[in-house]
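In: This is a predicted model, with the sequence first.
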Amino acid sequence: MTAGGGSPAFKRIERQFNIYAQGESIVNVLVLNASYEMLNVTRWQRAVRLVFSGKAEMLEECGEVRIRSARSSIPMPSVIRMNYYVNKPRLMVPFSRSNVFLRDRCECQYCGAVHKTSELTLDHVTPRAAGGETCWENVVTACRRCNTVKGDRTPEQAGMRLSRKPRIPHVAPSLNHSFRAEWEKYVPYAAPEPAQVS
Ligand SMILES: [Zn+2]
């Protein structure tokens, strides 16, 4: 059976479940791409519609919460996955001096010291003189001292070690306001920090 978005069968189902979620009034649903990457967070009404129209499958239910109509009930979705790949460009962070400092948390990538931005410099891992590009993967935050010590050499030549490999950062969606326990195994990087125990 196909129940596309506009078909009478789908309209009927939608009407039937055009109701309320018992237990929780607002439930947000995590939407994953076919590749299991996170796409977005949507309201449960839209998630149910995606599942009913065959565009998505339900991966996790929302505990005991069910969606009820006069005749039946279905589990409330918590995580759904699209049945086809949605092409969505990832949001890129523009390359700039201050964004490199932010990515590196103002930490010198050689000695680990944290400084104010006014006391930091940008270091080309592979020096420009050796063909090193000015890009996310070749530029890191360095303190003045390390930058001077390194000079126009590669870290290997200078006997210095990078604390982490420089990468292109992406804007991570903030989910803190609506994060649900069922989401953790799909987007562990977006889980809110555990509360501080004092
Ligand atoms: Zn340093």
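Out: The structure has been received and is ready for your questions.

In: Report the next helix or strand after the longest strand anywhere in the chain in sequence order.
Out: Identified as the longest strand of the chain according to DSSP state E is strand 56-68. Next along the chain after strand 56-68, taking DSSP states H and E as the criterion, comes strand 73-82.

In: what's the offset of that next one from the middle of its chain?
Out: Strand 73-82 has its C-alpha centroid displaced from the chain centroid by 20 Å (CA atoms, centre = their mean, to the nearest Å).

In: ok, now stretch 34-51?
Out: Centroid separation between stretch 34-51 and its chain, computed with CA atoms, centre = their mean, is 14 Å.

In: just stretch 57-76 next, same as before
Out: In this view, stretch 57-76 has its centroid 26 Å away from the chain centroid, taken as CA atoms, centre = their mean.

In: CA-only coordinates of that stretch, as PDB, when you get a sec.
Out: Only the C-alpha atoms of stretch 57-76 are listed here, as PDB (Å, rounded to 0.1, in the frame of the first residue of the first chain):
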ATOM      1  CA  GLU A  57      10.500   4.800   9.600                       C
ATOM      2  CA  MET A  58      10.200   4.900  13.400                       C
ATOM      3  CA  LEU A  59      13.400   3.900  15.200                       C
ATOM      4  CA  GLU A  60      12.600   4.800  18.800                       C
ATOM      5  CA  GLU A  61       9.400   5.300  20.600                       C
ATOM      6  CA  CYS A  62       8.800   7.800  23.300                       C
ATOM      7  CA  GLY A  63       8.500   5.700  26.400                       C
ATOM      8  CA  GLU A  64       4.900   5.000  27.300                       C
ATOM      9  CA  VAL A  65       3.500   8.000  25.500                       C
ATOM     10  CA  ARG A  66       0.900   7.100  22.900                       C
ATOM     11  CA  ILE A  67      -1.000   9.000  20.300                       C
ATOM     12  CA  ARG A  68      -4.700   8.300  20.600                       C
ATOM     13  CA  SER A  69      -7.700   8.600  18.400                       C
ATOM     14  CA  ALA A  70     -11.300   7.500  19.000                       C
ATOM     15  CA  ARG A  71     -10.600   4.000  17.600                       C
ATOM     16  CA  SER A  72      -6.900   3.200  18.100                       C
ATOM     17  CA  SER A  73      -3.500   4.400  19.300                       C
ATOM     18  CA  ILE A  74       0.000   4.300  18.100                       C
ATOM     19  CA  PRO A  75       3.300   4.800  19.900                       C
ATOM     20  CA  MET A  76       4.700   8.400  20.000                       C
END
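
In: ok, back up a step: can you list the strands that the longest strand of the chain pairs with?
Out: Applying DSSP bridges, strand 56-68 is found paired with strand 20-22 (antiparallel), strand 73-82 (antiparallel).

In: pLDDT on that strand, on average?
Out: Averaged over strand 56-68, pLDDT sits at 87.
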